[in-house]
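Asker: What shape does this take:
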Amino acid sequence: MSIYSYLIYFGPVFLLMIAAEYFVGRARGQSLYTKGDTLASISIAVVQRVISMLPLSLVPLATLYAFENYRLFELEVTDWWYWPALFLAFEFAYYWYHRLSHEIRWLWATHSVHHSIEEMNILAAYRFGWTGWLSMGSLIFLPLSLLGFSPVYVALMFALNLMYQSWLHTNLIPKLGWVEGILNTPSAHRVHHAVNPKYLDRNHGGVLMIYDRLFGTYQPEDADEPCKYGLVKPVGSFNPIRIALHEWINIFRDLRANSVRHWPGFLFGPPGWQPDGQGQTAKVIRAQAQSASAKVASKAPPVESLEAQQV
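Answerer: So this is what the prediction gives:
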């Protein structure tokens with residue numbers, strides 16, 4: 001059974017969540033679902049569901065099974081610590097899977113589909129890329145099989161993780177107090193989907209934020225800086241095929257236009273990478289924004305001067 005096969009059982013709950021969000025948003029005078037993005041999300045989700053029924057979609061799970069034969073430990077699911085250990089180990093693997101899906105263009109080509117939506121709503125939670133079988137980001141979970149965790153339970157944990165994240169895709173729920181920075185919340189996930197320089201490529205955890213805090217990628221939502229959603233370079237289309245394949249097309253164009261010796265950078269470097277080092281990667285964008293802020297701050301008159309002028 002594939003990860004997406006598990007998710008089908010969550011369908012009724014997911015639909016109820018969408019309906020609740022729509023009517024609550026409408027009652028508050030907020031338009032959370034626009035026609036173009038909504039139809040695109042539905043189309044992408046339907047095609048993803050069809051793809052998940054093809055034998056090709058079982059390649060990631062089959063790979064986990066293959067490596068299970070080389071497991072280092074015989075872990076028993078009946079041991080009391082099995083599920084807590086699997087949860088923490090999976091969260092660690094998921095953090096790196098998610099983070100690398102932003103930092104390696106080959107993986108970003110699939111994951112960017114999820115980030116292409118320019119509005120934040122629960123429907124976006126099922127806006128999955130179609131090419132996971134090609135990018136094979138699931139290889140990051142192989143150590144879990146090598147440690148002795150059953151591939152079936154790893155896939156189940158993945159599905160439960162995605163189910164949890166579904167309610168995070170909303171603007172209706174504010175910050176949740178003391179759990180911020182511990183659990184992944186709607187506020188933390190809004191930051192993850194934002195393209196503001198200070199928010200870019202932050203908050204990669206699934207259920208927990210502890211690994212983001214540990215590895216320096218945690219960023220709380222700033223009330224003075226509203227989140228702007230979408231991609232640094234928007235797709236500019238609601239065509240689901242264009243959305244699903246746009247980054248692969250961009251990669252192909254970059255390969256055609258550049259020397260073979262630069263191909264590894266275009267394929268496996270960060271999104272936006274350029275041979276001259278001046279590409280608009282997340283790191284460069286963040287550095288440029290910080291530099292611009294520093295220049296503005298340096299030109300501002302000191303507080304003492306302002307007080308003197310007022311006197």
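Asker: okay, CA-based contacts and neighbour counts for the rest of this
Answerer: Fine.
Asker: Output stretch 104-111 in PDB with nothing but the alpha carbons.
Answerer: Presented in PDB, the C-alpha positions along stretch 104-111 are these (Å, rounded to 0.1, in the frame of the first residue of the first chain):
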ATOM      1  CA  ILE A 104      18.200  20.500  -4.000                       C
ATOM      2  CA  ARG A 105      16.700  21.500  -7.300                       C
ATOM      3  CA  TRP A 106      16.100  17.900  -8.500                       C
ATOM      4  CA  LEU A 107      13.800  17.400  -5.500                       C
ATOM      5  CA  TRP A 108      12.400  20.900  -5.600                       C
ATOM      6  CA  ALA A 109      11.100  20.200  -9.100                       C
ATOM      7  CA  THR A 110       8.500  17.900  -7.500                       C
ATOM      8  CA  HIS A 111       8.000  19.800  -4.300                       C
END
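Asker: which residues touch that stretch?
Answerer: 100-102, 128-132, 135-137, 244-248, 266-271 (C-alpha atoms under 8 Å, 6 or more residues apart in numbering).
Asker: which among the residues you listed end up buried?
Answerer: 100-102, 128-132, 135, 137, 244-248, 266-267, 269-271 (16 or more other C-alpha atoms under 10 Å).
Asker: So which of those residues sit within helices?
Answerer: With helices taken from DSSP state H, the overlap with the buried ones among the contacts of stretch 104-111 comprises Leu100, Ser101, His102, Gly132, Ser135, Ala244, Leu245, His246, Glu247, Trp248, Phe266, Leu267.
Asker: Is it possible to get JSON lines of those residues that adds pLDDT and distance to Ala292?
Answerer: Below are those laid out as JSON lines (pLDDT from 0 to 100; distance: C-alpha to C-alpha, whole Å):
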{"residue": "Leu100", "pLDDT": "98", "distance to Ala292": "28"}
{"residue": "Ser101", "pLDDT": "98", "distance to Ala292": "28"}
{"residue": "His102", "pLDDT": "98", "distance to Ala292": "24"}
{"residue": "Gly132", "pLDDT": "91", "distance to Ala292": "37"}
{"residue": "Ser135", "pLDDT": "92", "distance to Ala292": "36"}
{"residue": "Ala244", "pLDDT": "97", "distance to Ala292": "34"}
{"residue": "Leu245", "pLDDT": "97", "distance to Ala292": "34"}
{"residue": "His246", "pLDDT": "97", "distance to Ala292": "31"}
{"residue": "Glu247", "pLDDT": "98", "distance to Ala292": "29"}
{"residue": "Trp248", "pLDDT": "98", "distance to Ala292": "32"}
{"residue": "Phe266", "pLDDT": "97", "distance to Ala292": "28"}
{"residue": "Leu267", "pLDDT": "98", "distance to Ala292": "30"}
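Asker: Just name the closest of the residues you listed to Val296, please.
Answerer: Of all these, Val296 sits closest to His102, with 29.7 Å by C-alpha to C-alpha.
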